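Student: When you get a sec, could you give me coordinates for this:
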Amino acid sequence: MNPRFGSAVSSPKLWAMADDRARLRAAAPGTADSQVSRRELRQLKWLTALVPGAVVLIYESARQEALEHILPALPPQYGNVVIWVLVLVLTYAFSAFVFRVVERLQAQAMARSRDVATLGAVVEERARLSRELHDGLAQLVAYMLVRLDTVTGLIAANRGQEALIELERMRVVTDDLYQDVRESISELRTRVSERGLPATVREFVDEYEDRHGITVRLEGDDAARDLEPLVAFQLLRVIQEALANVRKHARAHTATITCSQRAPDVLQVTIRDDGRGFDPAAPADPTRKSFGLASMRERVEALGGEISIDSTPGAGTLVSASVPLQRPATAGTDGLLAAAAR
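Tutor: Down below sits the predicted model:
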């Protein structure tokens, strides 16, 4: 591969990795929040060790003082009840303090866990994007460089007709490259975490139809509402990749995207086209890498789901993805995970 091309791909990746390392250091223990938590834990440890003994001492001293001097007229059993109530109030106050500390520590731990999960999703998506750029756009550009050298040799040998044929082939590849770049930019601009999966897919489909002249029908939007941001993001990428394969390989006129609940806790998304189809049992063409299919499988399996691809020559292709249906528990979870789904 041309060295200029490798540099163009690896440089942004290095910056992204540096940024990720900085964010990991910021999220690591040793920050101000974690220092506060450790101090509170030390206080809790000492209070847990000292308060029970202090309560017993206070109880015995107060009981003796109350029974002998403050409440001498009360029967001993009533005096014991009064002292017991006072000690119970003190114990309750201590328990409330302990639970407040524990709840704060638990909330910090959960927030830190969500942040780490979000950062992991961002790093994974960047790695996948880098791999797709290398396997897709980078190889197309490398192919163009090789064909340019071929055209230069044909022109130098006065083989103009063959050079024109090569240029026509390059024009077709350049058009594909242009479409891939436009779709990649469009995919990166999606805000599925804010708008939801149905609205985002509808906007993408409108642009897709105008750009490629392929009719796309949407069915069952309601089943895909209110998904967790990461689930919606991964399903959006699966739909986009499936439609990209329809454009590149299927020669289809129409495609249908259907969302349905196969079970109360399982969402199924299918993408069907009326294209030429293919034989899944046929040996893979070594000159035609299916990075898109591998990417879709990775995304669905990352959600704990399953994906299947059924196709018959002359009868179109059906891509079916089933994922666990997860709903956001709280608004705070949405906010923390939204960064990974943009």
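Student: From here on, just use CA atoms for contacts and neighbour counts.
Tutor: Fine.
Student: Could you list the low-pLDDT ranges of the stretch 201-342 of the chain?
Tutor: For the stretch 201-342 of the chain, residues meeting the criterion pLDDT under 70 lie at 283-291, 326-342.
Student: which stretches of it form helices?
Tutor: Taking DSSP state H, counting those that start in this stretch, the helices of the stretch 201-342 of the chain run over residues 229-245, 291-302, 331-338.
Student: Tell me which of the ones you listed lies nearest to residue 324.
Tutor: For these, the distance to residue 324 is smallest for helix 229-245, at 9.0 Å, taking CA to CA.
Student: chain center to that closest one, what's the gap?
Tutor: The chain centre lies 11 Å from the centre of helix 229-245; the measure is CA atoms, centre = their mean, to the nearest Å.
Student: Name the surrounding residues that touch the lengthiest strand in the chain.
Tutor: Secondary structure of the chain per DSSP state E: the longest strand is strand 254-263. Strand 254-263 is contacted from outside by 214-224, 267-275, using CA atoms under 8 Å, 6 or more residues apart in numbering.
Student: count of neighbours near residue 166?
Tutor: Other residues within reach of residue 166, judged by other CA atoms under 10 Å, total 16.
Student: Next: the one 4 residues further on.
Tutor: For residue 170, the count of nearby residues is 18 (other CA under 10 Å).
Student: From the contact counts, what lies against the strand or helix carrying it?
Tutor: Using DSSP states H and E, residue 170 sits within helix 160-188. Here helix 160-188 touches helix 139-156, going by 3 or more CA pairs under 8 Å, 6 or more residues apart in numbering; DSSP states H and E.
Student: What average pLDDT does the helix it packs on get?
Tutor: Over the span of helix 139-156, the pLDDT mean works out to 87.
Student: same check, this time on stretch 112-120
Tutor: Here the average pLDDT along stretch 112-120 is 77.
Student: hmm, back to that, so which of the contacts of strand 254-263 belong to strands?
Tutor: 215, 216, 217, 218, 219, 267, 268, 269, 270, 271, 272, 273.
Student: what separates the third one from residue 258, distance-wise?
Tutor: It stands for residue 217. Residue 217 is 8 Å from residue 258, where distance means CA to CA, to the nearest Å.
Student: Contact partners for residue 299?
Tutor: Residue 299 neighbours (CA under 8 Å, 6+ apart): 234, 235, 238.
Student: and the last one, what does it touch?
Tutor: What that stands for is residue 238. 295, 296, 299, 300.
Student: one more time with 6 Å, if that's ok
Tutor: Applying CA atoms under 6 Å, 6 or more residues apart in numbering to residue 238 gives the contacts residue 296.
Student: Adjust the sequence numbering to begin at 779 for everything that follows.
Tutor: With 779 as the first residue, the last one maps to residue 1016.
Student: Quickly note the distance from it to residue 1043.
Tutor: From residue 1016 to residue 1043 the distance is 20 Å (CA to CA).
Student: Likewise for the first one?
Tutor: According to CA to CA, residue 1012 and residue 1043 sit 17 Å apart.
Student: Please tell me how far the most centrally placed residue in the chain sits from residue 1077.
Tutor: Nearest residue to the geometric centre of the chain (CA atoms, centre = their mean): residue 1008, 3.6 Å. As for residue 1008, its distance to residue 1077 is 10 Å (criterion: CA to CA).
Student: Could you do residue 959 as well?
Tutor: Per CA to CA, residue 959 is found 21 Å from residue 1077.
Student: Pull the number of nearby residues for residue 1035.
Tutor: For residue 1035, using other CA under 10 Å, the count is 23.
Student: and if you look at residue 934?
Tutor: Number of residues near residue 934 (other CA under 10 Å) recorded here: 11.
Student: Please apply the same query to residue 897.
Tutor: 20.
Student: can you give me the angle the helix or strand hosting it makes with helix 1007-1023?
Tutor: For residue 897, the element it lies in under DSSP H and E is helix 854-910. Angle, helix 854-910 to helix 1007-1023, by axes from the mean of the first three to the mean of the last three CA atoms, to 10 degrees: 20 degrees.
Student: Give me the angle between helix 854-910 and helix 938-966.
Tutor: Going by the same axes, to 10 degrees, helix 854-910 makes 170 degrees with helix 938-966.
Student: how far is stretch 991-999 from where the chain is centred?
Tutor: Per CA atoms, centre = their mean, the centroid offset for stretch 991-999 relative to its chain is 25 Å.
Student: ditto for stretch 1028-1040
Tutor: 23 Å.
Student: related to what we said a few turns ago, most neighbours among the ones in strands among the contacts of strand 1032-1041, which one?
Tutor: residue 1051 (26 neighbours).
Student: That one reaches residue 1094, doesn't it?
Tutor: Yes. With contact defined as CA atoms under 6 Å, residue 1051 reaches residue 1094; the gap is 5.3 Å.
Student: If you tally nearby residues, what's the number for residue 975?
Tutor: Number of residues near residue 975 (other CA under 10 Å) recorded here: 25.
Student: Would you check how far apart it and residue 1004 are?
Tutor: Taken as CA to CA, the span from residue 975 to residue 1004 is 8 Å.
Student: tell me the contacts of residue 1091?
Tutor: For residue 1091, the contacting residues are 1054, 1055, 1056, 1057, by CA under 6 Å, 6+ apart.
Student: Dump those to JSON lines, plus neighbour count and distance to residue 1083.
Tutor: As requested, the contacts of residue 1091 are exported to JSON lines (neighbours: other CA atoms under 10 Å; distance: CA to CA, whole Å):
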{"residue": "1054", "neighbour count": "17", "distance to residue 1083": "27"}
{"residue": "1055", "neighbour count": "21", "distance to residue 1083": "24"}
{"residue": "1056", "neighbour count": "17", "distance to residue 1083": "24"}
{"residue": "1057", "neighbour count": "13", "distance to residue 1083": "24"}
